[in-house]
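K.L.:
Dropping a prediction and its sequence here:
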Amino acid sequence: MTEMMSLITEDGSAPAYSGGLSDEALLRCYRTMLLVRAFDDICMKLQRSGRIGFSVPNKGVEGTQVGAASALRSTDLFFPSYRDFGMALYHGVRPAAMMNNMFGNAGDSAKGRQMPVHFSFVDPIKYFSISSPIGTHLPQAVGAAYASTLRGEDTVTLVSFGDGGTSSLGFHSGLNFAGVWKSPVIFLCQNNGWAISCPSEGQTASDGYAIKAKAYGMPGITVDGNDVLAVNQAVAEAAERARRGEGPTLIEAHTYRMGGHSTSDDPTKYVPKEELEAWAAKDPVLRLRRHLDSRGLWSEDLEARLVKECSEEVTAAVREAEAQPAPALETVFSDVYESVPDHLRRQGEQAFDLARRKGDAAAGDGAFPL
Amino acid sequence: MATLTLLQAVNDALRTKMRQDDSVLVFGEDVGPKGGVFLATEGLTAEFGAKRCFDTPLSEDGIIGTAIGMAANGLRPVCEIQFQDFIFPAFDQIVSEAAKLRYRSGGQYTAPMVIRTPYGGGIRGGLYHSQSGEAYFAHTAGLKVVIPSTPYDAKGLLIAAIEDPDPVLFMEPKALYRSVKGEVPEGHYTVDLSTTRTVREGKDVTVFCYGAMVPVCEKAAAAAAEQGVETHVVDLRTLLPLDEEAVLDAARRTGRVVVVHEAPRFCGFGAEISALIAEHAIEYMEAPVRRVTGFDTPFPNTLEHHYMPDERRVLDAIEATASF
C-alpha cells in the first residue's frame, strides 16, 4: 500500500494539516457527521418497524464523506455512491428531501420510482442520480467533466465508489478515459473493508487500490478515511490539480463500514468481532471530536445540543415524509420520455380505467427480501 | 439537391448539426482523423477540431458512459459504436443508465444523446460484424430505436435524433451504406421520429420492414406485381416508440401481413408487430401473419446469403399470404 496520509494525531492535534477548513467549517463537518448518524439510526428503526423497506448504514465512513464534501465547492459536480449521505447533507440538502426518497413518496425528487438511498438532487448541489449497478457512474463522471472543460468552467467532478467498485468495468473505462483526457475528476475509492460480505482482500491481489492509478497515468493517494482533515486535504489538493488542468487523481480512503451493507444484511455472520472493535476505536466522529476539543471548539454542552438538534431535525424529516401521499399512478408512465408516447398513454389509460372499475392494485409489504 | 449515398447522408447530417450547434460532439473508435472505418465521420475533425470530433480508447462502455455524462451536463454527444456487434459491453450503460436516467431522477437529469452504429449482414462479416440486435434495445423503456433505409431518411432522422431530448440508438444498415443513392436536400431538415414511411401502395398484402430489408422487399413487391399481387410496403423507420396506429392502419388495409427482418425470429421485432395486429386488428385478418427473418442461429459467414431474407424468400411469403 502507498503511504497513508493521516493528520489527526492521538492527542487530537493536527500540526501537519495545511487545508483551509475554518473553525466554522470544521464544526459543520462535525455536525453533519452527527446528522448522518441520527439519520441512520432513525432509518434503521423505520425499517425494523416496517415503515420503510430498506436503508444502508453509513456508520464508520462519515469522515470520508464530509472530508471530501468540505473540500469542494457547491458548484462542483458530485457522482456519489449509495453510501454518501454526508456529502449531500454537508452541502445543504434537506434531511426531509432525503427522507422523502426513503419513503418513496410524492415528495421524492425521484417520484418514488427508485428504492431508498437512490438519491438524485440538482439543488443546492448537483448530486447525480444514483443507480444500483456498480461502477457505471465512473465514466459518466468523466463525460460530465469533459462538458465542464469544453465550456471553459473550472468545475471539478468527484466520483465516489467502494472497494468493490474497483472490480467493475466502469472503474477501468472511467480511469482510463480520464487519464487520456486529463479530466478534472477526483476518483474517491472508499475502501471500507467490505463489498457486502466480500472482504477487500477478495477484490484484488493489488497492493491496495491507490497504486492502480499509476497504470492510468494519474497520481494515486492513500489517505486515512477516518480522519476528516486528511481526507479534506487530499481532496482539496486533487481539486486544485484538477482546476489547474493537471488532470485526475485516484484517492483511496482507508475506512471501515461499521454496520451491515444494508438493513437486509447481518454482518455478524462474516465480520470478525475483533476487527470491528479495532475500527470502533478509530471512529471518525471521535477522531474529529478530539481535534475540535484540542482547538477549544468542543464541549459536552455543545455535544448535547448538536445531538438534540440532529435528532429533532431527522424526526421532523420523518414527520414531513410520512405526511406525504404515495406518488400518483400517472408517475409510472411519465418521464420515460420527455413527452408520453402514444403506446404509453394507452397503457396508462388502461391502468387508470381498471383502477376506476376494480379499485387500486394491492401494495406488497415493501420488505426487501434479502 | 445532391445525390448522396446513405453513408454520405449520415456525414452530411453530422456536419449540418455540428455547424449549427456547438454542443454537438462526435466521438468513438477511429472516428477522428481517419473518419471512421466506414468513413461516416470523414472530415469532421478537420472542420470542427479535435475537441468536437475525436478518437476514444477502445472501450464501448467508456464511449457510452462518457456520452451519458456529457449529455447530462449540457452537451449533445453523438457517439459511434464501430459495429453493433461490439455494443454489448455497453449494454448496461445503454439499458440501465441512459434509458432510465430521466425516469429514475424524476426528470432532474436526462441523456439527450445519439448512439450511431452500423448493423446487419451482407459484407461477409461473420458472427461479429453482421448482427441485427434491435430487439434487445426495442425492449427498453426510455430508449428510442431508429433505423433508416434511404439517404433522405438517414439525414432527416439523424438530425431529428440529435435534436431529440431522449437517448436514441441510431442503427445504420451497413449493407446500404454505399449501395443506395438518393436525393438529399442541403442544410437542415428533419424526418419525425415515430413515423412510418409508405414505400409502395398496394391492396393485397402488407409488408412491414426496415433498414436493409426495405430494398429487398421493394424488389419482391415488384416481382409480386408481375403476378398480379399488389403489395403495400411499409418502412417502420422507428421501432421504439413505434407508430402503432400506422402499423394497424396498414395491416387493416389488406388483411394480409408479412413482416421481414434480418434479425433472428424468436422474440424478434416481427413478433411484436404480429402480436399488435392480433390484439387490435384480428377481425380484419384474412391470413395468418407470416414472418420472414434470419434464422434462430448465430450469423454465418460463407453462407450468409442463405441466412438473410432475400427477394426469393420474401416473394415466397407474399405469394403464400396472398393465396391463403
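P.N.:
In hand now; what should we look at?
K.L.:
near chain B, which residues of the stretch 51-200 of chain A?
P.N.:
Applying CB under 8 Å from any CB of the partner chain, one finds that the stretch 51-200 of chain A approaches chain B through A:77, A:79, A:108-111, A:113-114, A:118, A:120-122, A:128-129, A:131, A:133, A:136, A:138-148, A:150-151, A:169-170, A:172-174, A:176-177, A:180. Backbone N, C-alpha and C define where each C-beta goes, glycine included.
K.L.:
Kindly give a single PyMOL line that selects the buried subset of those.
P.N.:
In PyMOL, this line selects whichever of these come out buried by 16 or more other CB atoms under 10 Å in any protein chain shown:
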select buried, chain A and resi 77+79+108+109+110+111+113+114+118+120+121+128+129+131+136+138+139+140+141+142+143+144+145+146+147+148+150+169+170+172+173+174+176+177+180
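K.L.:
Sort out for me which of the residues of the stretch 51-200 of chain A next to chain B are in helices.
P.N.:
Among these, the ones falling in helices (DSSP state H) are A:138-148, A:150, A:169-170, A:172-174, A:176-177, A:180.
K.L.:
can you give me the helices for the stretch 1-150 of chain B?
P.N.:
B:6-20, B:44-48, B:60-72, B:91, B:101-104, B:134-138 (DSSP state H, counting those that start in this stretch).
K.L.:
shaky segments in chain A?
P.N.:
A:366-367, A:369-370 (pLDDT under 70).
K.L.:
Report the spatially nearest residue to whichever residue of the stretch 151-300 of chain A sits closest to chain B, omitting neighbours in sequence.
P.N.:
Nearest residue of the stretch 151-300 of chain A to chain B (CB to the nearest CB) works out as A:Ser173 at 3.3 Å. The spatially closest residue to A:Ser173, leaving aside those adjacent along the chain, is B:Gly62, at 3.3 Å (CB to CB, 6 or more residues apart in numbering or on different chains).
K.L.:
how about the residues of the stretch 251-370 of chain A near chain B?
P.N.:
On the criterion CB under 8 Å from any CB, chain B has as its neighbours in the stretch 251-370 of chain A the residues A:334-338, A:341-344.
K.L.:
what do you get if the cut-off is 7 Å, keeping everything else the same?
P.N.:
Counting by CB under 7 Å from any CB of the partner chain, the positions of the stretch 251-370 of chain A adjacent to chain B are A:335-338, A:341-343.
K.L.:
and residue 185, what are its phi and psi?
P.N.:
Answering for chain A, as no chain was given. Dihedral angles of A:Val185 (phi, psi; degrees, to the nearest 10) stand at phi -130, psi 140.
K.L.:
please go with chain B instead
P.N.:
phi -60, psi 150.
K.L.:
number of nearby residues for the residue lying closest to A:Gly135 once chain neighbours are set aside?
P.N.:
Spatially, and ignoring its direct neighbours in sequence, A:Gly135 is nearest to A:Ser168 (2.6 Å; CB to CB, 6+ apart). A:Ser168: 20 surrounding residues under other CB atoms under 10 Å in any protein chain shown.
K.L.:
Run through the residues that contact the residue nearest the centre of chain A.
P.N.:
The centre of chain A sits closest to A:Asp84, judged by CA atoms, centre = their mean, with a distance of 1.2 Å. Going by CB atoms under 7 Å, 6 or more residues apart in numbering or on different chains, A:Asp84 touches A:65, A:160.
K.L.:
Check the one 3 residues further on too.
P.N.:
Shown in contact with A:Met87 (CB under 7 Å, 6+ apart): A:65, A:68-69, A:78, A:80.
K.L.:
Can you pull the phi and psi angles for residue 227?
P.N.:
Using chain A here. Note on A:Asp227: its backbone torsions stand at phi -110, psi 100 [degrees, to the nearest 10].
K.L.:
switch to chain B, that's the one I care about
P.N.:
Per-residue torsions, B:Gln227: phi -90, psi 0 (degrees, to the nearest 10).
K.L.:
Show me the strands in the chain, by range?
P.N.:
In the absence of a named chain, chain A is used. Applying DSSP state E to chain A gives strands spanning A:4-5, A:77-79, A:126-127, A:157-162, A:185-191, A:194-195, A:198-199, A:220-224, A:249-254.
K.L.:
Hmm, no, I was thinking of chain B.
P.N.:
B:2-5, B:24-28, B:53-55, B:76-80, B:114-119, B:144-146, B:168-173, B:181-184, B:197-200, B:205-209, B:231-235, B:238-240, B:257-264, B:290-294.
K.L.:
Distance to B:Thr66, mean neighbour count and mean pLDDT added to the ones you listed, as a markdown table?
P.N.:
A markdown table is the format used below for these (distance: least, CB to CB, whole Å; neighbours: other CB atoms under 10 Å in any protein chain shown; pLDDT from 0 to 100):
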| stretch | distance to B:Thr66 | mean neighbour count | mean pLDDT |
| --- | --- | --- | --- |
| strand B:2-5 | 30 | 15 | 97 |
| strand B:24-28 | 8 | 25 | 98 |
| strand B:53-55 | 11 | 21 | 98 |
| strand B:76-80 | 8 | 26 | 98 |
| strand B:114-119 | 12 | 27 | 98 |
| strand B:144-146 | 20 | 26 | 98 |
| strand B:168-173 | 17 | 27 | 98 |
| strand B:181-184 | 31 | 16 | 98 |
| strand B:197-200 | 34 | 16 | 98 |
| strand B:205-209 | 34 | 29 | 98 |
| strand B:231-235 | 33 | 26 | 98 |
| strand B:238-240 | 24 | 24 | 98 |
| strand B:257-264 | 28 | 27 | 98 |
| strand B:290-294 | 32 | 22 | 98 |
